[in-house]
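Peer 1: Got a predicted model here, sequence first, then my questions.
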Amino acid sequence: MDLAQKIQELKKEKKAVILAHNYQRPEVQDIADYTGDSIELSRKAMMEKDAELIVFCAVDFMAESAAVLNPQKKVLLPSTGARCPMAQMLTVDEIKHAKKQYPKAPVVLYVNTLASCKAEADICCTSANAVEVVNSLNADTVLFGPDSNLADYVAEKTRKNIIPIPQNGFCPTHLLFQPEDVQALKIEHPNATVIVHPECSHEMRKVADFIGSTSKMCKYAKESTAKEFIVGTENGIIHRLQKENPGKKFYVSYNGAVCPNMKLTTLDRVYASLKEEKTIVEVPAAVAEKARTSLERMFQVK
């Protein structure tokens, strides 16, 4: 019995559900019950009424969100070192300082934040619904963190005054994408459609045919008549895109755009985490209650 089979057997025995983010290693995606973006996965976990364990193959803030939204379940993070650098860029003190400067401005936080920060937010958002969330607020000025590129994208789409907190928060992986790489690939694949994540820079978004979250990219690729795509997001998504669209071709616009934190999860670590149940994600009750409120408000936005 190989390791993947052992994981499947252990999963049944322990009544576990395995979630894998779109940026995970191909072999980790293949043993997951669900693959998707962070909130998509947390919501799937909420629907798994019989599951007692959630193994979240991703980074810290995603497992925290799953723990916050599923208080009756035990949430495991296979690699405790899998931390999102962008989530670490925003602190509770920075949010409180910004609130003092703009006391009437609501705080919208991207889900790529730690639970302690979510507890200070009025509402959360994903890259898929950030525009809708900000438009739902009766305010012309909004505090938005921690990704300044997503904040810039939201400002373009909503025409509201978006104040980024911190001023220059960013995803180190998406920062690697440059329009020159797209232009070079376009020479080889002139008919390719360019799809880009909103965490990319303004310059990168300008060369895109479509801008969207990983879940929206997957949907767009399925529905599009295009046969070739240049992709501006972490390379782990290529596995899913190719799997779901065998007749189409996908080229990551920069091969070096790998999130080392997402890639920390291996089959060995998934197996050990599931077997030993030692990597439990815990959020203090008072923090979890407030963070849950900001996440639930997000779910109410259509």
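Peer 2: Sure thing, it's come through. Numbering: from 1, shown residues only.
Peer 1: from here on, contacts and neighbour counts on C-alpha atoms
Peer 2: OK.
Peer 1: give me the low-pLDDT residue ranges for this protein?
Peer 2: 302 (pLDDT under 70).
Peer 1: What residues does residue 106 make contact with?
Peer 2: Each residue near residue 106 by Cα atoms under 8 Å, 6 or more residues apart in numbering is listed here: 121, 122, 137, 139, 141, 142, 143.
Peer 1: What subset of those is buried?
Peer 2: 121, 122, 141, 142, 143 (16 or more other Cα atoms under 10 Å).
Peer 1: Now for those residues: which two are most distant?
Peer 2: In terms of Cα to Cα, the buried ones among the contacts of residue 106 reach their longest pairwise distance at 121 and 141, which sit 14.7 Å apart.
Peer 1: can you list the domains in the chain?
Peer 2: Domain segmentation of the chain under automatic domain parsing yields 3-82+262-282, 86-170, 174-252.
Peer 1: could you dump those to JSON lines with distance to residue 295?
Peer 2: Below are these laid out as JSON lines (distance: least, Cα to Cα, whole Å):
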{"stretch": "domain 3-82+262-282", "distance to residue 295": "8"}
{"stretch": "domain 86-170", "distance to residue 295": "5"}
{"stretch": "domain 174-252", "distance to residue 295": "18"}
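Peer 1: Compare those and give me the one nearest residue 297.
Peer 2: Across those, closest to residue 297 is domain 86-170 (Cα to Cα), at 5.8 Å.
Peer 1: Quick check: end-to-end length of the closest one?
Peer 2: End-to-end distance for domain 86-170, by Cα to Cα, to the nearest Å: 6 Å.
Peer 1: In three-state terms, how would the nearest residue to residue 275 once chain neighbours are set aside be classified?
Peer 2: Of all residues not flanking residue 275 in the chain, residue 10 sits nearest, at 7.2 Å (Cα to Cα, 6 or more residues apart in numbering). Here residue 10 is recorded as helix under DSSP: H, G, I helix; E, B strand; the rest coil.
Peer 1: What lies in contact with stretch 44-58?
Peer 2: 14-21, 23-24, 28, 34, 62-63, 66, 69-70, 72-78, 82, 262, 265, 270, 273-274.
Peer 1: For it, buried residues please.
Peer 2: Those buried within stretch 44-58 under the rule 16+ other Cα under 10 Å are 44, 45, 46, 51, 53, 54, 55, 56, 57, 58.
Peer 1: hmm, back to that, so of the buried ones among the contacts of residue 106, which ones are in strands?
Peer 2: Mapping those onto strands (DSSP state E) picks out 141, 142, 143.
Peer 1: Cheers, nothing more for now.
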